[in-house]
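Visitor: sequence and predicted structure below; questions after.
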Protein chains: 4
Amino acid sequence: MEFRDKQAIYIQIADYFGNNILKDIWKADEKVPSVRQLAVELEVNPNTVMRTYNHLQENNIIYNKRGIGFFVSPEAKKILTEDLKKQFIEVELPELYRKMKLMGITNDDLVEMLSKINA
Amino acid sequence: MEFRDKQAIYIQIADYFGNNILKDIWKADEKVPSVRQLAVELEVNPNTVMRTYNHLQENNIIYNKRGIGFFVSPEAKKILTEDLKKQFIEVELPELYRKMKLMGITNDDLVEMLSKINA
Amino acid sequence: MEFRDKQAIYIQIADYFGNNILKDIWKADEKVPSVRQLAVELEVNPNTVMRTYNHLQENNIIYNKRGIGFFVSPEAKKILTEDLKKQFIEVELPELYRKMKLMGITNDDLVEMLSKINA
Amino acid sequence: MEFRDKQAIYIQIADYFGNNILKDIWKADEKVPSVRQLAVELEVNPNTVMRTYNHLQENNIIYNKRGIGFFVSPEAKKILTEDLKKQFIEVELPELYRKMKLMGITNDDLVEMLSKINA
DNA sequence: GTGGTCTAGACCACC
DNA sequence: GTGGTCTAGACCACA
């Protein structure tokens, strides 16, 4: 994992978790790596991983079993999907619309541009 | 100005400038508000406005006439448009694509959603 | 046993013991479940149960007959009652008083609320 | 401020904030001490204070103005009151009831005990 | 072994 | 001056 600058590492790790869960790579009630283990893997300070885990736990994405570790919460996927949709509809879509209008990009142009990425 | 926003205030001001220029509200070689005046208007520290102006000047969006004030540079609109396009194609479009795929939104869905905003 | 709870598991088990004794479900000199048996029942590590038993033994709630098992100590009920009262008077009551004052709940309100639980 | 052991310092600081807001010592949109300042006052590491502030911010008790500091959120008092009530009704009241029953304390006994604290 | 908390000290962007 | 993030290292309780 290589970290983009500009965004906090602990957030990037959280996003990585979100993706893994949304893509069904990590399923409900599965154990996620321990704090120390992940810290070694990502070459990051354990505190930073801990911060990610706290963040995810507060948002009910993961939960903790005392002395055993962290696990993917059963509601994780639902929560992540809803958050994504809400963010998309309320923030990103209007912003996209605004920019398209500003640059004179039509819906057809947009679809064509997206097809090129696909290819 | 939204202090509670996560984006830097001086960037928010710069965006405001960009919009005004792109929408032809401010045209080439027109004078923009003075630092002090804008600081009072936006209820912001003058240093912060100065920072915006420096930033815009470095990017040739505005230019300075000593003792008179700042003016919209003739190339401003062109530069802003190009920046916008570059950012759009290289960053936002791929990100849009990624999220659509993650949420299972098709091109048709997207066009329909955009139409709803228009309405 | 609720692993996700913030309270230590061995304490939760100890509380469970205390309740059983106070409610006369387990009486003086009666045998309590073996460590292994209880560990299986509660789906808990035997070490954790052992820890509970050590804890209870230190507080004279249970005693041990070598090779036979653990038994409810004759003074168990008295000790538990006294601990409960002490904790109640010195810690919980003042805390209750503090919160009632903070929320503007009167003694009458409290009695009424308690009656509702009873019903 | 002297810290009780057993409970995390950053939580104790958060509780202290809650009390100050509930008692109207700190009012809506008032500035709270800066991270560094409070750290010095409480003789605690700034990271610990930061942790408290993050915690409070996530719960909309305080908000942040970039480069200026943290402020009491307008909804802070309402949120705190509701949390307190919810916790009281759903957790503490049933627990109180359970213990009273276990120890044979009547409503009248309870009221009398509370009066003694008052005196 | 697991997480949880805290300290110390550093560096950064921003106002 | 403000917050925000990260590292390094330590100590603790718990399973």
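Guide: Here it is on my side, so go on. Numbers count the residues shown, from 1 in each chain, chains lettered A, B, ... in the order given.

Visitor: so where's chain A uncertain?
Guide: Counting by pLDDT under 70, the ranges of chain A that qualify are A:119.

Visitor: so for it, the centremost residue is which one?
Guide: residue A:15 (2.5 Å; C-alpha atoms, centre = their mean).

Visitor: neighbours of the residue of chain A at minimum distance from DNA strand F, how many?
Guide: Closest approach between chain A and DNA strand F, counting by C-beta to the nearest atom of the strand: residue A:67, at 2.2 Å. All C-beta atoms are positioned from the backbone trio N, CA, C, and that covers glycine. Residues lying near residue A:67 (other C-beta atoms under 10 Å in any protein chain shown) number 11.

Visitor: repeat for residue A:1
Guide: 11.

Visitor: report the contact partners of it.
Guide: Residue A:1 is in contact with A:12, A:13, A:16, A:42, counting by C-beta atoms under 8 Å, 6 or more residues apart in numbering or on different chains.

Visitor: confirm the third one sits in a helix?
Guide: What it means is residue A:16. Yes. Applying DSSP: H, G, I helix; E, B strand; the rest coil, one finds residue A:16 inside a helix.

Visitor: so how far is residue A:85 from it?
Guide: 20 Å (C-beta to C-beta, to the nearest Å).

Visitor: ok, the residue nearest to the centre of chain A to residue A:22 distance?
Guide: As for residue A:15, its distance to residue A:22 is 10 Å (criterion: C-beta to C-beta).

Visitor: same thing with residue A:16?
Guide: 11 Å.

Visitor: just residue A:116 next, same as before
Guide: 25 Å.

Visitor: over to residue A:104?
Guide: From residue A:104 across to residue A:22, the span is 34 Å (C-beta to C-beta).

Visitor: which SS class is residue A:49?
Guide: Residue A:49 - assigned by three-state DSSP - is helix.

Visitor: shouldn't it be in contact with residue A:39?
Guide: Yes. Between residue A:49 and residue A:39 there is a contact under C-beta atoms under 8 Å: 4.7 Å.

Visitor: tell me who's in contact with the closest residue to chain C within chain A.
Guide: Residue of chain A nearest chain C, by C-beta to the nearest C-beta: residue A:65 (4.2 Å). Contacts of residue A:65 were listed using C-beta under 8 Å, 6+ apart, and they are A:71, C:3, C:4.

Visitor: about what we covered before: higher neighbour count, residue A:116 and residue A:22?
Guide: For residue A:116 versus residue A:22, the count of surrounding residues by other C-beta under 10 Å is larger for residue A:22: 16 against 10.

Visitor: tell me the domain ranges of chain A?
Guide: Following automatic domain parsing, one finds the domains of chain A at A:9-75, A:77-118.

Visitor: most tightly surrounded among these?
Guide: Of the domains of chain A, the one with the most neighbours on average (mean count of other C-beta atoms under 10 Å in any protein chain shown) is domain A:9-75, at a mean of 16.

Visitor: and the gap between the most far-flung residue of chain A relative to its centre and residue D:12?
Guide: Largest separation from the mean C-alpha position in chain A: residue A:104, at 31.2 Å (C-alpha atoms, centre = their mean). Applying C-beta to C-beta, the value for residue A:104 to residue D:12 is 57 Å.

Visitor: is residue A:27 located within a strand, as I assumed?
Guide: No. Assessed with three-state DSSP, residue A:27 is coil; it does not lie in a strand.

Visitor: ramachandran angles for the residue nearest to it when sequence neighbours are not counted?
Guide: Nearest residue to residue A:27, sequence neighbours excluded (C-beta to C-beta, 6 or more residues apart in numbering or on different chains): residue A:72, at 6.5 Å. When read as degrees, to the nearest 10, the backbone of residue A:72 gives phi -70, psi 130.

Visitor: residue contacts, the closest residue to DNA strand E within chain A?
Guide: At 3.2 Å from DNA strand E, residue A:34 is the closest residue in chain A, using C-beta to the nearest atom of the strand. Applying C-beta under 8 Å, 6+ apart to residue A:34 gives the contacts A:69, A:70.

Visitor: again, but for residue A:19
Guide: Contact analysis of residue A:19 by C-beta under 8 Å, 6+ apart lists residue B:102.

Visitor: which helix or strand contains it?
Guide: Using DSSP states H and E, residue A:19 falls within helix A:9-22.

Visitor: close to DNA strand F, is that helix?
Guide: Yes. Legend: contact between helix A:9-22 and DNA strand F by C-beta under 7 Å from any atom of the strand is shown at A:9, A:10, A:11.

Visitor: for stretch A:64-84, measure first residue to last.
Guide: Terminal residues of stretch A:64-84 lie 24 Å apart, using C-alpha to C-alpha, to the nearest Å.

Visitor: ok now it, how far from the chain's centre?
Guide: 12 Å (C-alpha atoms, centre = their mean, to the nearest Å).

Visitor: again with stretch A:54-65
Guide: Using C-alpha atoms, centre = their mean, the offset of stretch A:54-65 from its chain centre is 14 Å.

Visitor: is that stretch anywhere near DNA strand E?
Guide: Yes. Using C-beta under 7 Å from any atom of the strand, we find that stretch A:54-65 touches DNA strand E at A:54, A:57, A:64.

Visitor: mind giving me a markdown table with the residues you listed and columns for secondary structure?
Guide: As requested, the residues of stretch A:54-65 next to DNA strand E are exported to a markdown table (three-state DSSP):
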| residue | secondary structure |
| --- | --- |
| A:54 | helix |
| A:57 | helix |
| A:64 | strand |
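
Visitor: could you export the residues you listed as JSON lines, including distance to chain B?
Guide: Shown next, in JSON lines, are the residues of stretch A:54-65 next to DNA strand E (distance: C-beta to the nearest C-beta, whole Å):
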{"residue": "A:54", "distance to chain B": "19"}
{"residue": "A:57", "distance to chain B": "22"}
{"residue": "A:64", "distance to chain B": "26"}
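
Visitor: list the residues that contact the residue found closest to residue A:18 once you drop the neighbours it is linked to in the chain.
Guide: Closest residue to residue A:18 apart from its sequence neighbours, by C-beta to C-beta, 6+ apart: residue A:80 at 5.2 Å. Residues near residue A:80 by C-beta under 8 Å, 6+ apart: A:18, A:21, A:22, A:61.

Visitor: how about these, which pair is most distant?
Guide: A:22 and A:61 (10.7 Å; C-beta to C-beta).

Visitor: residue A:60 touches residue A:75, doesn't it?
Guide: Yes. At 5.9 Å, residue A:60 and residue A:75 qualify as touching, with contact defined as C-beta under 8 Å.
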